[in-house]
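Peer 1: just to be clear, the model below is a prediction. Sequence and coordinates:
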Amino acid sequence: MPLANDSYRNVPTLTDGTDLLNLAWTLDEGTCLDVDLQQALADQLRHEVTGGLPSVNSYLVRDPYGEELLGPAVAALFPGTGEESDLVTGAGVISLLHCLVRLAGDRPVYVIGDVYPDLPHWADVAGVGCVSRHDVGGGPDHAANAVAVGAGLVLLERPALTGEQVDLATVEALCAATAGQGTVVLVDESYANYHPPGYSALPLTSRLSNLVVVRGLAKAYGMGGLRLGFAVSSRALRARIRAAVPPMLASSLSLRLGRAVLALGDITAGLRSRVETARRETLAALAGAGLEAPLSASRYVPFLFYPADDHPAAVALRDRGIVGKRHVHWSERSRATADRYRLSVPLRPDRLLLLRTRLAAGPAPAAR
């Protein structure tokens, strides 16, 4: 089963080129944030250097999970995430998902929707596998389905990129219905950075004994290179999670920088507004070029999808020097990995203009 990172192997470039508009991933989110995040990070690095590299030289043996360092910033940004919650950090969300699949024990993982493929891959490696509502007749009651299949872990993404959006009331109901059989509900909020803090399920961890919520700093913030993610749960899960997640996965420097970013508060309001505007303009440009409308991701997430990379619209875009990428996901319908073709909405006005220009110019002439 391929991992998500495998989809970048055939991407010709990760930047725009002279004859290419790269929509394989987001390149311009940072220009839409409410603060100059690059400057804020540079200031932190400057303090690190002038202070004698305290984070680089620090080995967090007294705070091996980063809870003391990062916890207060998380609690401040997400009110209600307090003393009854527990926090561990990792090298990005990926490392945490790799570890947290162990919470399933020897029982299957029940997956809601189409999700990032990595945890299902590791569930297969662990020999427990994944099931979905289609294994129990496709019914909409996920709590009943998870109980019926004896799931040890329930996985869902908030927001889901496409399809069913799970609200907080449903998360609560899932936890309540499955707690009696020792099931853990794992909510991946990697894409929730695009939403206001009040959207998050993090505060529920202070009163739901079987809930884990994971977040990172790659999406919206554009800080994937820091490799910092965090998982928040009830203290009732503390022992199980720390038995699964190794200590000191996140570097001291990444924790310092991550804490500084979270302390800035909700800095993505401008990005949310820009995503909605730019998506409308992008869809209009595609329609004006006579191309089929793609499927839009959830409200604030700047992705568009075609069913496959050989879809006529995807081919026509590549002919015009506009490239996206394969979007690998685990499909709840097929219970296996599947692909879509993903375009990231260009957010900067100059990149939107380049999109319109390339669409208007038509396909490049074939080589003789």
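Peer 2: On my side now, so go ahead. Numbering: from 1, shown residues only.
Peer 1: please make it C-alpha for all contacts and neighbour counts, starting now.
Peer 2: Will do.
Peer 1: all strands of this protein, in order?
Peer 2: Assigned by DSSP state E, the chain shows strands spanning 21-22, 85-90, 109-112, 130-131, 153-157, 184-188, 211-216, 229-234, 295-296, 303-306, 322-323, 325-331, 336-344.
Peer 1: pLDDT weak spots in the stretch 1-150 of the chain?
Peer 2: 1-2, 4, 6-13 (pLDDT under 70).
Peer 1: follow-up on the earlier one: out of the strands of the chain, the one nearest Leu255 is which?
Peer 2: Among these, the nearest to Leu255 by CA to CA is strand 85-90 (8.5 Å).
Peer 1: and the closest one, how far out from the chain's middle?
Peer 2: Taking CA atoms, centre = their mean, to the nearest Å, one finds strand 85-90 lying 17 Å from the centre of the chain it belongs to.
Peer 1: against which helices or strands is it packed?
Peer 2: helix 67-77, strand 229-234 (3 or more CA pairs under 8 Å, 6 or more residues apart in numbering; DSSP states H and E).
Peer 1: now do 10 Å
Peer 2: In terms of contacts (3 or more CA pairs under 10 Å, 6 or more residues apart in numbering; DSSP states H and E), strand 85-90 is packed against helix 67-77, helix 92-100, strand 211-216, strand 229-234, helix 238-244.
Peer 1: so which bits of the longest one are buried?
Peer 2: Yep, that's helix 67-77 we're talking about. Across helix 67-77, burial judged by 16 or more other CA atoms under 10 Å covers 67, 69-75, 77.
Peer 1: relative orientation of it and strand 85-90 in degrees?
Peer 2: For helix 67-77 against strand 85-90, the angle by axes from the mean of the first three to the mean of the last three CA atoms, to 10 degrees is 120 degrees.
Peer 1: what does helix 67-77 contact?
Peer 2: With CA atoms under 10 Å, 6 or more residues apart in numbering as the test, helix 67-77 has contacts from 60, 62-63, 65, 78, 81-83, 85-89, 196-198, 202-203, 230, 232, 252, 255-266.
Peer 1: from the buried residues of helix 67-77, pick the one nearest His121.
Peer 2: Closest to His121, out of all of these and judged by CA to CA, is Glu67, at 28.2 Å.
Peer 1: how close does the closest one sit to Thr268?
Peer 2: The gap separating Glu67 from Thr268 is 24 Å, by CA to CA, to the nearest Å.
Peer 1: what's the answer for Asp141, then?
Peer 2: 33 Å.
Peer 1: who has more neighbours, the two?
Peer 2: Ranked by neighbour count (other CA atoms under 10 Å), Asp141 and Thr268 place Thr268 first, with 22 against 11.
Peer 1: let me see the contact set for that one.
Peer 2: By CA under 10 Å, 6+ apart, the contact set of Thr268 is 29-30, 32-35, 193-197, 220-221, 274.
Peer 1: out of those residues, who's nearest Cys175?
Peer 2: Nearest to Cys175, judged by CA to CA, of the contacts of Thr268 is Pro197 at 21.1 Å.
Peer 1: what's the neighbour count on the nearest residue to that closest one once chain neighbours are set aside?
Peer 2: In space, and not counting its chain neighbours, Pro197 is closest to Phe78: 5.9 Å by CA to CA, 6 or more residues apart in numbering. If you count neighbours by other CA under 10 Å, Phe78 ends up with 21.
Peer 1: can you name the residues that contact Phe78?
Peer 2: Neighbouring residues of Phe78 by CA under 10 Å, 6+ apart: 72, 196-203, 262, 265-266.
Peer 1: now do Gln165
Peer 2: Applying CA under 10 Å, 6+ apart, the residues contacting Gln165 are 112-113, 156-159, 298.
Peer 1: and the buried ones among those, selectable in PyMOL?
Peer 2: Burial among these is assessed by 16+ other CA under 10 Å; the matching PyMOL selection reads:
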select buried, resi 112+113+156+157+158+159+298
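Peer 1: the residue nearest to Pro197 and Val213: what is the separation?
Peer 2: Taking CA to CA, one finds Phe78 at 12 Å from Val213.
Peer 1: overlap in contacts, the two.
Peer 2: Listed as contacting both Phe78 and Val213 by CA under 10 Å, 6+ apart are 200-203.
Peer 1: out of those residues, who's the most crowded?
Peer 2: For the shared contacts of Phe78 and Val213, counting by other CA under 10 Å, the largest number of neighbours falls to Leu202: 28 neighbours.
Peer 1: these two touch, right, that one and Val171?
Peer 2: No: judged on CA atoms under 10 Å, Leu202 makes no contact with Val171 at a distance of 11.0 Å.
Peer 1: any common contacting residues for those two?
Peer 2: Contacts common to Leu202 and Val171, judged by CA under 10 Å, 6+ apart, are 187, 211.
Peer 1: now render the shared contacts of Phe78 and Val213 as TSV, adding distance to Thr337 and pLDDT.
Peer 2: Formatted as TSV, the shared contacts of Phe78 and Val213 follow (distance: CA to CA, whole Å; pLDDT from 0 to 100):
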residue	distance to Thr337	pLDDT
Ser200	27	97
Ala201	27	97
Leu202	28	97
Pro203	32	96
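Peer 1: no further questions, thank you.
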